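Enquirer: Quick one: sequence and predicted model below, then my questions.
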Amino acid sequence: MKILLIEDDKFFQDFYSFKLRQQNIAVAVASDGDAGLQMISSFQPDAILLDLIMPKKDGFEVLQEMKKRHLTEKIPVLVFSTLGQEKDIARAKELGARDYVNKSFFDFEKLLGRILELVKNRQK
């Protein structure tokens with residue numbers, strides 16, 4: 001399994017990429033939305049963990065671009081953000097995100113379960 005983590009916070013990049021690799025999951029990390037969009041085609045992830053607040057292109061812009069390219073139909077996106085207001089979650093889901101996790105209240109085992117479920121149910 002391959003996960004693309006699009007996240008600008010170094011702590012979250014390091015922690016989650018380390019924990020996912022411990023589960024024998026290949027991880028690529030992008031520090032901003034532009035880099036993340038570029039990595040999608042070269043890395044071909046099974047799922048994407050996407051922060052919303054980032055430089056260059058935020059998570060909403062990444063989702064808009066992915067939706068325009070019909071990528072959200074094939075690659076499940078789990079929004080992984082501190083933005084937790086209903087309007088932000090609803091907007092992300094309207095743009096194609098399949099799930100949302102508030103990273104302020106992170107529990108790796110629950111996150112891993114949500115990722116595995118997304119990948120298992122992804123459309124081919």
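Expert: Cool, the structure landed. Keep in mind the model is a prediction, meaning the values are calculated, not measured.
Enquirer: Can you pull out the low-pLDDT segments for the chain?
Expert: 84, 105-106, 123-124 (pLDDT under 70).
Enquirer: In space, not sequence, find me the middle residue of the chain.
Expert: L49 (1.7 Å; Cα atoms, centre = their mean).
Enquirer: Can you show me the helices along this structure?
Expert: Per DSSP state H, the chain has helices spanning 10-22, 33-43, 59-68, 86-94, 108-120. These are given in chain order.
Enquirer: what's the neighbour count on the residue nearest to P76 when sequence neighbours are not counted?
Expert: Using Cβ to Cβ, 6 or more residues apart in numbering and skipping the chain neighbours, the partner closest in space to P76 is L118 (4.1 Å). Yep, even glycine has a C-beta here, placed from its N, CA and C like the rest. L118: 20 surrounding residues under other Cβ atoms under 10 Å.
Enquirer: Tell me if I'm right that L118 and A47 touch.
Expert: Yes. Shown here, L118 and A47 form a contact pair, counting by Cβ atoms under 8 Å, at 5.2 Å.
Enquirer: got any residues that touch both of the two?
Expert: Taking Cβ atoms under 8 Å, 6 or more residues apart in numbering as the contact criterion, the common neighbours of L118 and A47 are P76, L78.
Enquirer: related to what we said a few turns ago, quick check: beta-bridge partners of the residue nearest to the centre of the chain?
Expert: With beta bridges defined as DSSP bridges, L49 has these partners: L5, L78.
Enquirer: ok, back up a step: got a list of what the residue nearest to P76 touches?
Expert: L118 is in contact with A47, P76, L78, R98, D99, counting by Cβ under 8 Å, 6+ apart.
Enquirer: What residues of stretch 39-54 count as buried?
Expert: The neighbour-count check on stretch 39-54 (16 or more other Cβ atoms under 10 Å) flags M39, I40, F43, P45, D46, A47, I48, L49, L50, D51, L52, M54 as buried.
Enquirer: out of the residues you listed, which one sits closest to L83?
Expert: L52 (5.0 Å; Cβ to Cβ).
Enquirer: Skipping adjacent residues, who's closest to the closest one in space?
Expert: G59 (3.6 Å).
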